[in-house]
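Enquirer: Everything below, folded, please.
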Amino acid sequence: MINLTSSSETPHFPVMLDEVIKICSPDKGGVYIDCTFGGGGYSKRLLKFSKTKVIALDRDKFIINISKELEKKYPNRFFFHQKKFSELNTVAGNQSVDAVVFDLGLSSIQLNNLERGFSFNSKETLDMSMGLSTISAEEVVNNFSEQKLKSIIKILGEEKDASRIVKNIIKTRLVKKITKVDQLVAIIEKSKKKNYANKINPSTKTFQALRIFVNKEITELVTGIINATKILKPGGKILIISFHSIEDKIIKFFFKNFSLNRSRPSRYIPETNDKNIYLFTEYKNKILKPTKLEISKNFPSRSAKLRYAIRNKNNYIYPSELLKKFKKYLDIEEIHA
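Expert: Below is the predicted model of the structure:
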C-alpha cells in the first residue's frame, strides 16, 4: 500500500517560481489557475497577494492534504479540484481568468515516493500513474504486443534503441512477469549500448514513454492548453513549463502559429489575411530557463523551459489544426493491448 502521509512531508521546489509570478503580475489581484498544484508552490505565492483568487487542479490524490491546508487558510480565495487538464474548462465557471499556469514536470512528491514507480532507484511496483489513470506501466510492459510497445517507446520516448529494449522485455516476460521497477531498469541497461557514461540515465527515455502513455500526457496537454485559451480574458496569460522535446514542440507550435505575428504559414494552418483566427498577441518566442543558482538547489529543474503567450481580444476559435499536427502522438496514446 502506498504511503499517503509521505507526500506532505517531502520538500517541494516550484520551478522558476519568481519568473512565473513576475509574468502573472498578481499585484492588483485577479483569478489564477494553477493546473499542476503539486506541493502548492505557485498557489501559495499567488495567494500572498491579498486580492487574488486561485483555482488549483491536480490529478494526484496524494496531495489533497496539502490543498486542504490552503483551503482552510484562504477560505473563499483558494479552491482545489482533483481533475486533469482535459477538465480545466469545468472549474472556472463564468469567471474572467487572468493567468493559467502549467508545470509539466514530475513533482518531488511523486518522484521521491519510491512506491509510485517513477524513480529509477525504486524496487517497488511498476505503476507510474499520476492519478486518474486507467492503466499502469506494469500492465503495459506485460500485456502489449511487441509492435505496440516498440511504437510507444520509440515515439513517446524518442528512444532509438526501442527495438532492442522491447525484444528483451518480451523475452523476459515469457519467463517471469515484470512487476518491479528494478526489473525493467535491468532489462533496459542490458539492452542499451555501453556508451552512455556522463549522459542521461539509460532508462530515462523508456520511463518517459511509459509514463506519458499511462497518463495520456500528450492528450492532456493538447486538450488542456486549448481549454486554457478558451477561458482566458483578453490580456490573460498562459504559462507552460515543459521538460522534454515533445512537450516543447507542441507549446511552441501552438503559441507561434496562433499569434498575430506568425511568420510563415504551416501546412496545418493555411495562409490567410484574416487576423480574427489568431488567439494570441505577438509571440516573442522567448524561452526562459532556470538560473544556475536554482539548478544548484533543485537539479531536476535543469531541463525546464518556460514559454508564455498573451490572449488577444479575438473571439475564441477552436484550434483543430493543433490536433492534426500532433496526431501521431495522440493516436499512440489511444492504443490498447
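Enquirer: which non-adjacent residue is nearest Cys24?
Expert: Ala99 (4.5 Å; CB to CB, 6 or more residues apart in numbering). The C-beta positions use only the backbone N, C-alpha and C, and glycine is treated the same way.
Enquirer: For that neighbour, which residues count as its bridge partners?
Expert: Under DSSP bridges, the beta-bridge partners of Ala99 are Tyr32, Lys237.
Enquirer: show me what contacts it?
Expert: By CB atoms under 8 Å, 6 or more residues apart in numbering, the contact set of Ala99 is Ile23, Cys24, Pro26, Gly30, Tyr32, Ile33, Leu232, Gly236, Lys237, Ile238, Leu239.
Enquirer: let's go with 7 Å and repeat that
Expert: Cys24, Tyr32, Gly236, Lys237, Leu239 (CB atoms under 7 Å, 6 or more residues apart in numbering).
Enquirer: Which residues does the helix or strand where the last one lies contact?
Expert: Read it as Leu239. Following DSSP states H and E, one finds Leu239 within strand 232-242. Residues outside strand 232-242 that contact it (CB under 7 Å, 6+ apart) are 15-16, 20, 23-24, 96-105, 225, 228-229, 248, 251, 304-313.
Enquirer: Quick one: residues contacting Gly40.
Expert: Ile66, Leu70.
Enquirer: run the last query once more with 8 Å
Expert: Counting by CB under 8 Å, 6+ apart, Gly40 has contacts His12, Ala56, Ile63, Ile66, Ser67, Leu70.
Enquirer: With Lys167 instead?
Expert: Applying CB under 8 Å, 6+ apart, the residues near Lys167 are Glu146, Ser191.
Enquirer: Correct me if wrong: Lys51 contacts Gly30.
Expert: Yes - Lys51 is within contact range of Gly30, at 7.4 Å (criterion: CB atoms under 8 Å).
Enquirer: okay, these two: which has more neighbours?
Expert: The residue with more neighbours, out of Lys51 and Gly30, is Gly30; 21 against 10, by other CB atoms under 10 Å.
Enquirer: residue contacts, that one?
Expert: Lys51, Thr52, Lys53, Asp98, Ala99.
Enquirer: Look up how far Ile238 lies from Lys28.
Expert: Distance of Lys28 to Ile238, computed by CB to CB, to the nearest Å: 19 Å.
Enquirer: circling back to that earlier point, from the contacts of Ala99, keep the buried residues only.
Expert: Cys24, Tyr32, Gly236, Lys237, Leu239 (16 or more other CB atoms under 10 Å).
Enquirer: so who does Leu306 touch?
Expert: Counted by CB under 8 Å, 6+ apart, Leu306 has contacts Val15, Met16, Glu19, Val20, Leu239, Ile240, Ile241, Ile287, Leu288, Lys289.
Enquirer: now those in a markdown table, with distance to Lys148 and pLDDT?
Expert: Below are the contacts of Leu306 laid out as a markdown table (distance: CB to CB, whole Å; pLDDT from 0 to 100):
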| residue | distance to Lys148 | pLDDT |
| --- | --- | --- |
| Val15 | 33 | 97 |
| Met16 | 36 | 98 |
| Glu19 | 40 | 98 |
| Val20 | 38 | 98 |
| Leu239 | 35 | 98 |
| Ile240 | 29 | 98 |
| Ile241 | 30 | 98 |
| Ile287 | 34 | 96 |
| Leu288 | 37 | 97 |
| Lys289 | 35 | 97 |
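Enquirer: Dihedrals phi and psi, Val97?
Expert: phi -100, psi 130 (degrees, to the nearest 10).
Enquirer: if I read this right, it contacts Cys35, doesn't it?
Expert: No - at 11.3 Å, Val97 does not count as touching Cys35 under the criterion of CB under 8 Å.
Enquirer: if you count what's nearby, which of the two comes out ahead?
Expert: Cys35 (28 against 23).
Enquirer: wouldn't the more buried one be in contact with Phe102 here?
Expert: Yes - counting by CB under 8 Å, Cys35 touches Phe102, with 4.7 Å between them.
Enquirer: list the residues that contact both of these two?
Expert: Phe85, Gly224, Ala228.
Enquirer: Quick check: closest non-adjacent residue to the first one.
Expert: The shortest distance from Phe85 to any residue other than its chain neighbours is 2.7 Å, reached at Gly224 (CB to CB, 6+ apart).
Enquirer: Lovely, talk soon.
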